[in-house]
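*Asks:* would you be able to build a 3D model of this:
(one chain, ligands or ions: 2)
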Amino acid sequence: MSVIKKKFWDDVTSLWSLIVGLKVTGKNFVDKNVTLHYPRETVTSGQLEGFRGPLELIGKPKDPAKPKCIACMMCVTACPSKCITVVKAKAPKPTEAELQAMKEAEERGEKVNKPKAPKEPAKFLYDFSLCSLCGSCVENCPANALRYSSNVYLTVTDRKELKMDLLARLGAQAEAAVAAKAVESPKDVEAATTEKEAGTES
Ligand code: SF4
Ligand code: SF4
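*Replies:* Ligands and ions are numbered 1, 2, ... in the order given. Next up, the predicted model:
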């Protein structure tokens, strides 16, 4: 290839990459802004698509204050940054009468069913200051009990505030949801509370 031809093709290639670059710049220039003038503007739910806020537990559909978590420890093992601490719930302590009944059954040679620990966490702590939001815990949870929150406005003045009690957070969220529903439709909440109380008593 002659020197002139090579120079010509070099110029064409450079011009083409300039056009491609300008196209990208132009597209982003006319696209809608993705940044907001907070606090004059606030984030809408549509703008939260794909946003990863600090983790939160997902509640059971019938009892939103209780987590779907089965305390399997998969998230603890999967987390590369050791942000999660889960303490399994212990088996309920048998009463004196139950202990006596078990002892007597053992003496009779009968099979004794000792109280089992419920498959739920007694504590679920999360340190957001260490979390890289990599998603390993969410992806490995067999009970789909974890998700990212949409807490875009989280600010703290002390690093300790980033250590979160996710069970307490879930309880507070469930209470807030009931309070919000009570404002919208007080009769529905009253009926649901009565139904739940009746279920607890039976
Ligand atoms: S998102 Fe990643 S770093 Fe954060 S708690 Fe889950 S596994 Fe750990
Ligand atoms: S959140 Fe999921 S992975 Fe973690 S302990 Fe609970 S059930 Fe297991």
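
*Asks:* all the strands of this structure, residue numbers only.
*Replies:* 55-57, 84-88, 121-127, 146-148, 163-165 (DSSP state E).

*Asks:* neighbouring strands - and their directions - for the second one?
*Replies:* Based on DSSP bridges, the strands next to strand 84-88 in the sheet, each with its direction, are strand 121-127 (antiparallel).

*Asks:* now the strands of the chain in a markdown table, with distance to ligand 1 and mean pLDDT?
*Replies:* (C-beta placed from N, C-alpha, C; glycine too.) As requested, those are exported to a markdown table (distance: least, C-beta to the nearest ligand atom, whole Å; pLDDT from 0 to 100):
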| stretch | distance to ligand 1 | mean pLDDT |
| --- | --- | --- |
| strand 55-57 | 6 | 97 |
| strand 84-88 | 5 | 98 |
| strand 121-127 | 6 | 98 |
| strand 146-148 | 8 | 97 |
| strand 163-165 | 11 | 97 |
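
*Asks:* buried deepest among the ones you listed, which one?
*Replies:* By mean neighbour count, with neighbours taken as mean count of other C-beta atoms under 10 Å, strand 55-57 ranks first of the strands of the chain at a mean of 22.

*Asks:* who's in contact with it?
*Replies:* Contact with strand 55-57 is made by 67-69, 124, 126, 128, 131, 137-138, 145-149, 166-167, 169-170, 173, as judged by C-beta atoms under 8 Å, 6 or more residues apart in numbering.
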